[in-house]
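Engineer: pasting the sequence and the predicted coordinates here, then a few questions.
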Amino acid sequence: MMSDSTNVFPVSSMPSVKTLEGITPQNIPPSVFSSETPIILKGLIREWTLVKKGLENPNTAVEYLKSHYNGKPSGAYFGSPDIAGRYFYNEDLSDCNFSIKKTQLNEFLDNIIKHLDDTKPPSFYIASNDINQHFPSLLTSNNLHFDKTVFGNVEPRASIWIGNKTLVSCHYDVLSNMACCAIGHRRFTLFPPDQIENLYPGPFHPTPGGQVVSMVDFKDPDFAKYPKFRTALAHGMIADLSPGDALFLPTMWWHQVEGFDKFNTLVNYWWTPAPPMMGQANTVLMHALLSLRDQPSIEKSAWKHIFDYYIFASPDLAREHLPEHAWGILGESSDLRVRQLKANILNKLNR
């Protein structure tokens, strides 16, 4: 039960994400990829064979997927019927409420079909499976055609998500995302990056899926324990997807993902416009937790100004008063600059 039902803002009453119609896989406007807010592309993948097989029935869809499977085992999530598809923590946060096991994906798919009509089936889920590793021929007739110049000439990574009813707790990803709802109906509950404090992130380790997740149960929020979640709700949005729809999700947006049907499949594409040579921002966060978080407040305040100056302001601010030959690591990104910075970092870490 909710601890405080006063002025509850139900998640389902949040505003819907902007929707575009008439977009095809061959003519996705570049403005979609530069959007700072999510966008639904209605019917974007309606002509995919996978979508059409799913609309027939789950058995047909499963046989179609199995016909593209190359036999390599993959990690899969297994949960008891009691978790009802919510992949989360156990009671004391010491571990997750499911197990991950290597499995043959044809057997995994057969297990979903076996329990299709159970009132409380076991929970089955394959998360972020690299399509090229296990279903390499699937993309032949189920793919988007990206203009790679939009992504710095880097091919977006295609992944597949398969399961029965699932709920992936609210989290963020550092990559931009085009999520294509192939089979079943899905709901994304979305929050902008500035709502992190109001979403009450859980521990860094363990995590249900590699990223910190919100501790709030959106279906039954405990506002006495998580009072700031009301503020998050006032900034949230809902994206309800039917088979054939897609959602563009900008980097760092928080999102909870629910699969409502007895059999659900999603294909997504991940990318970053940053050159491959660039480092990972999460590494910066880990190092800051090590070196800055526990420093005196006066020192942290000073470092905040320094980060604002060198990192979050325009790159020109820190170098416009210097001759170009003196820019050094303040200069434009290049292989040489990246090597210099990495060597400097490694040298300091190894002291």
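Structural biologist: Cool, got the structure.
Engineer: measure the residue nearest to Pro201 when sequence neighbours are not counted to Cys96 for me?
Structural biologist: Leaving aside its sequence neighbours, Pro201 sits nearest to Val212 (CB to CB, 6 or more residues apart in numbering; 4.3 Å). (Glycine included, C-beta is placed from N, CA and C.) Between Val212 and Cys96 the distance is 13 Å, computed by CB to CB, to the nearest Å.
Engineer: mind listing what's buried along stretch 114-127?
Structural biologist: For stretch 114-127, a neighbour-count test (16 or more other CB atoms under 10 Å) marks 115, 121-127 as buried.
Engineer: got these as a markdown table, with secondary structure and distance to Thr103 columns?
Structural biologist: Formatted as a markdown table, the buried residues of stretch 114-127 follow (DSSP: H, G, I helix; E, B strand; the rest coil; distance: CB to CB, whole Å):
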| residue | secondary structure | distance to Thr103 |
| --- | --- | --- |
| His115 | coil | 15 |
| Pro121 | coil | 16 |
| Pro122 | coil | 13 |
| Ser123 | strand | 14 |
| Phe124 | strand | 10 |
| Tyr125 | strand | 11 |
| Ile126 | strand | 9 |
| Ala127 | strand | 13 |
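Engineer: closest to Ala318 among those?
Structural biologist: Using CB to CB, Ala127 comes nearest to Ala318 of the buried residues of stretch 114-127, at 40.5 Å.
Engineer: so what's the closest one up against?
Structural biologist: Neighbouring residues of Ala127 by CB atoms under 8 Å, 6 or more residues apart in numbering: 77, 161, 168, 209.
Engineer: which ones among these map onto helices?
Structural biologist: With helices taken from DSSP state H, there is no overlap with those.
Engineer: can you pull out the strands in the stretch 151-300 of the chain?
Structural biologist: 157-163, 166-171, 176-183, 186-191, 237-241, 246-249, 254-259, 264-271 (DSSP state E, counting those that start in this stretch).
Engineer: next up, the contacts around the residue nearest to Thr19 when sequence neighbours are not counted.
Structural biologist: Leaving aside its sequence neighbours, Thr19 sits nearest to Ile40 (CB to CB, 6+ apart; 4.3 Å). Contacts for Ile40 (CB under 8 Å, 6+ apart) come out as 16-20, 239, 241, 245-247.
Engineer: which pair of those residues spans the longest distance?
Structural biologist: Taking CB to CB, no two of the contacts of Ile40 sit farther apart than Ser16 and Ala246, at 15.0 Å.
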